[in-house]
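Student: this one's structure only:
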Ligand SMILES: Nc1ncnc2c1ncn2[C@@H]1O[C@H](COP(=O)(O)OP(=O)(O)OP(=O)(O)O)[C@@H](O)[C@H]1O
Ligand SMILES: [Mg+2]
């Protein structure tokens, strides 16, 4: 088990034990520590008081007319000490819980924020189910480590030394020796068995991640599962992972039994040896009956925290394993980072320029090859081309989800890789090809663009996107919930919500990626009129398959296999008689075929 992991964990958690700027929490830490000391003190005193009681009572037996008040007082003190030990222990835990919960919250929050700051590439590769489990287990681990290392591990070690000292002082060095050897054997056993159990724990975690990943993925694909009647297949898939977990968990429990039995053997042998020693000493008259009781009580009392120590050690190791995954998330580097000292971009007219841009997602497959084009301020440029030619990739590069492999992308003459990502993203409104909505109300989803926007602005944006009337016709209007990922809306409704929220964002640059592909031609042309209205003084990029929607663009780029093979206005391209002209003819033909055969269909 890496010591690295432990130091790392302590470095992360340490500051939370003494939270900066949180005097309330600091007070709690202090009082919890004082309670801890008082509880331990009372605890160490209990056997001594018990021994004293026994001695008093046995002398009472021989001389019955001795005052009864003293043993009674000791009995009461014994009771009080026992109670205080519990009470202070509880006080300590109750007070400290806020401190550890605060740590849990802060760490969970920072992991969450970090995950959000990671690149699109990471998120496309990730497995949501596993990600959730990482954070879940990791934060549980924190809570455990904080309270147990501070309040159980260290104090128990102190207590062991204290008891050894008392035994030595009261009954001779041999008792302290036997105690130390017993503890030594105990600790050795614990460490070696635990090292083996940790491996089992890792396997369990992996199986757990896998099960969670598969179950989340399967539930997200609920419809697909039904379309192909694959419920059983899904069941089998998840069962393999669950089985692995089951085996791991059972093995873990078995190994725990072994550990417990071994630990108990060590402790019991120690106690037996000491009790025999004490019995011999009583026979010789070097120890009183009370002494015997004290020894027995101390040993029993020690065996409890010792057992505890075993558990704690095991749990600490487990927590560290659990936190590995979470730390691996924190170690994930942000792929797209602002340069040191980067300034926000200064948006003036919103002119966009791609200069000789080459890009590949993976090293061995180039997606965009030496792409150059400019979109002057307030102009509209359309990108058309076959599927997979790299159109959406252009929007991802402009939004800086990825860094261009070569070449530059400039907005108003400023290279977007030299300024802050935030400011670039602020300036661009993207309606993506596949819209996914939050599982909340329509109102929430539109207003997401500007959470402080007044209701009227939200309605206005919805009107521009031609969806206001539809929304108000719903029984619950804007308060209608859209379901997971927005699946309770039709494809076209979802797209219009997406347009509305981008309109509400009110950016200097619009990027519509097939933003109206799911709409019928009537609605599409209505929206288009509205969009042309608002994008009059905006720079606009449009990706479209249906060429009729790009006819009025100032320039059309025809992209094919990552290169721009033609560019010009609709008229120029038609006159050229190239690929665009062919595509146009195709679509014309399809349209007339369709109108002959049946009423217009959405594409
Ligand atoms: N994250 C990714 N990792 C690897 N390859 C990718 C990734 N995203 C897209 N690609 C590949 O890059 C190519 C271009 O994708 P892009 O999404 O830009 O196509 P497109 O022109 O928008 O196509 P469509 O018209 O179908 O939307 C595709 O062949 C695709 O498989
Ligand atoms: Mg695309």
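Tutor: Sure thing, it's come through. Because the structure is a prediction, the values reported are computed rather than measured. Ligands and ions are numbered 1, 2, ... in the order given.
Student: Quick one: mean pLDDT for whichever strand or helix holds residue 213?
Tutor: Here residue 213 sits within helix 173-220, counting by DSSP states H and E. Mean pLDDT, helix 173-220: 86.
Student: i'd like the first residue to be 428 from this point on
Tutor: Sounds good: first residue 428 from here, last item helix 600-647.
Student: got the contact list for whichever helix or strand comes after it?
Tutor: Next in sequence after helix 600-647, counting helices and strands by DSSP H and E, comes helix 649-654. When contacts are defined by C-beta atoms under 8 Å, 6 or more residues apart in numbering, helix 649-654 is touched by residues 645, 657, 658, 661. Where C-beta positions appear, they are placed from N, C-alpha and C, glycine not excepted.
Student: switch to 10 Å and redo it
Tutor: The contact list for helix 649-654, computed with C-beta atoms under 10 Å, 6 or more residues apart in numbering, reads 645, 646, 648, 657, 658, 659, 660, 661, 911, 914.
Student: residue contacts, the fifth one?
Tutor: Contacts for residue 658 (C-beta under 10 Å, 6+ apart) come out as 645, 652.
Student: And it, how far from ligand 1?
Tutor: 30 Å (C-beta to the nearest ligand atom, to the nearest Å).
Student: swap in the first one?
Tutor: Taking C-beta to the nearest ligand atom as the measure, residue 645 falls 22 Å from ligand 1.
Student: wait, isn't that residue in contact with residue 556?
Tutor: Yes - if you go by C-beta atoms under 10 Å, residue 645 and residue 556 touch, sitting 9.3 Å apart.
Student: Quick one: name the residues of the protein near ligand 1.
Tutor: Residues of the chain lying close to ligand 1 (C-beta under 6 Å from any ligand atom) are 551, 788, 789, 794, 814, 815, 816, 817, 818, 819, 820, 860.
Student: The fifth one belongs to a strand, doesn't it?
Tutor: No - per DSSP: H, G, I helix; E, B strand; the rest coil, residue 814 lies outside any strand segment and is coil.
Student: Apart from its chain neighbours, what residue comes closest to it?
Tutor: residue 972 (7.9 Å; C-beta to C-beta, 6 or more residues apart in numbering).
Student: Next up, the contacts around whichever residue of the stretch 628-777 of the chain sits closest to ligand 2.
Tutor: In the stretch 628-777 of the chain, the residue that lies nearest ligand 2 is residue 763 (20.3 Å; C-beta to the ion). Residue 763 is in contact with 544, 545, 546, 547, 548, 827, 828, 829, 830, 844, 848, counting by C-beta under 10 Å, 6+ apart.
Student: How about residue 1013?
Tutor: residue 974.
Student: how about the helix or strand that contains it: buried residues?
Tutor: Using DSSP H and E, residue 1013 sits within helix 1006-1024. Going by neighbour count (16 or more other C-beta atoms under 10 Å), the buried part of helix 1006-1024 is 1006, 1007, 1010, 1011.
Student: And the closest residue to the first one other than its chain neighbours, how far from residue 726?
Tutor: Same thing as residue 1006. In space, and not counting its chain neighbours, residue 1006 is closest to residue 985: 5.6 Å by C-beta to C-beta, 6+ apart. Residue 985 sits 87 Å away from residue 726, going by C-beta to C-beta, to the nearest Å.
Student: Done for today, thanks.
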